[in-house]
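Participant: With the input below, show me the fold.
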Amino acid sequence: MIEVLRNKNLTTKFQILAEIADRGPEIQQREIARKLDITPQAVSDYIAQLIKEDMLISRGRSSYKVTNEGINWVIKELKELNNYSISIQRAVNSISVSAAIAADDLNKDQQVGLRMKDGLLFATTDTDASATGIATTAAKAGDDIGISDIRGIVSLEIGKVVIAIVPGIEKGGSGKVNYDALNRHIKGSQFIVSMGLESYAALNKAGVNFHQFGAIEAAIEAAKCGLKPLVVCVENEASRLISRLEQERINYELKEVTKK
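Facilitator: Have a look, this model is predicted:
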């Protein structure tokens, strides 16, 4: 779970910064205390911490301004809260009826087992699975089907992203790629995306199917679905990719595929 929900100290700091940003610099500490249902002394102590951490600036008696550092921190936490909210909404929505792919021929009202495979949820006749449900309709193998009354937890482990770094055009681009090394990573991946024209050219030369647009978000989504995506990434784009993966708390490993 994200830190601002797990740590009460951070939660209160987040709320105080949000109140000051929303109500303006002249908001009184007692107003914040009343809104957050804490004591004015607690608000004073938190404000002192925020000033020390360079998230607030004191502009005189009971006048404060949120710093750029404070704003950036609030925005970062808001993004994490939004992502968490989306995942919870998905979970709640799936409680009533969840879509799955029928792995076998299934009958209406049949109890089914649920499992993840290749990033997709499958309904099977194996009811010894860690999660089970009831088929809402009949379906042939390969059809989509609604599942209700889900019990248990579908086993899912977040996948690790493999980042294969290719040289920029100033260093030779796709012409300097070690294709033996690249192909080894391709064979071990279930989902491949490219970042940068040099990477696009390299994957074309490797003769594989891959995703070109929205590489970062596609890799994140694939990892969250349990896949082990491969991102073939030009070196000057790697820092942007890594920053997003770390923000989402997704593990990754860097692989060099440049010719020696």
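Participant: Show me where the stretch 1-150 of the chain has its strands.
Facilitator: Assigned by DSSP state E, counting those that start in this stretch, the stretch 1-150 of the chain shows strands spanning 56-58, 64-66, 97-102, 111-117, 120-124, 131-135, 144-152.
Participant: would you turn the ones you listed into TSV with mean pLDDT, distance to residue 184 and mean neighbour count?
Facilitator: No exception for glycine: its C-beta is placed from N, CA and C like everyone else's. Compiled in TSV, these are given as follows (pLDDT from 0 to 100; distance: least, Cβ to Cβ, whole Å; neighbours: other Cβ atoms under 10 Å):
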stretch	mean pLDDT	distance to residue 184	mean neighbour count
strand 56-58	88	51	17
strand 64-66	87	49	20
strand 97-102	88	30	19
strand 111-117	88	23	19
strand 120-124	90	26	21
strand 131-135	89	34	21
strand 144-152	88	35	16
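Participant: Tabulate those strands in CSV, adding columns for distance to residue 236.
Facilitator: As requested, the strands of the stretch 1-150 of the chain are arranged in CSV below (distance: least, Cβ to Cβ, whole Å):
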stretch, distance to residue 236
strand 56-58, 36
strand 64-66, 33
strand 97-102, 39
strand 111-117, 35
strand 120-124, 34
strand 131-135, 43
strand 144-152, 41
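Participant: for the ones you listed, which one sits closest to residue 245?
Facilitator: When those are compared by Cβ to Cβ, strand 111-117 sits nearest residue 245, at 20.6 Å.
Participant: That closest one vs strand 120-124, what angle?
Facilitator: Between strand 111-117 and strand 120-124, the angle comes out at 150 degrees (axes from the mean of the first three to the mean of the last three Cα atoms, to 10 degrees).
Participant: counting contacts, what elements does strand 111-117 pack onto?
Facilitator: Other elements packing on strand 111-117 under the criterion 3 or more Cβ pairs under 8 Å, 6 or more residues apart in numbering; DSSP states H and E are strand 120-124, strand 131-135, strand 144-152.
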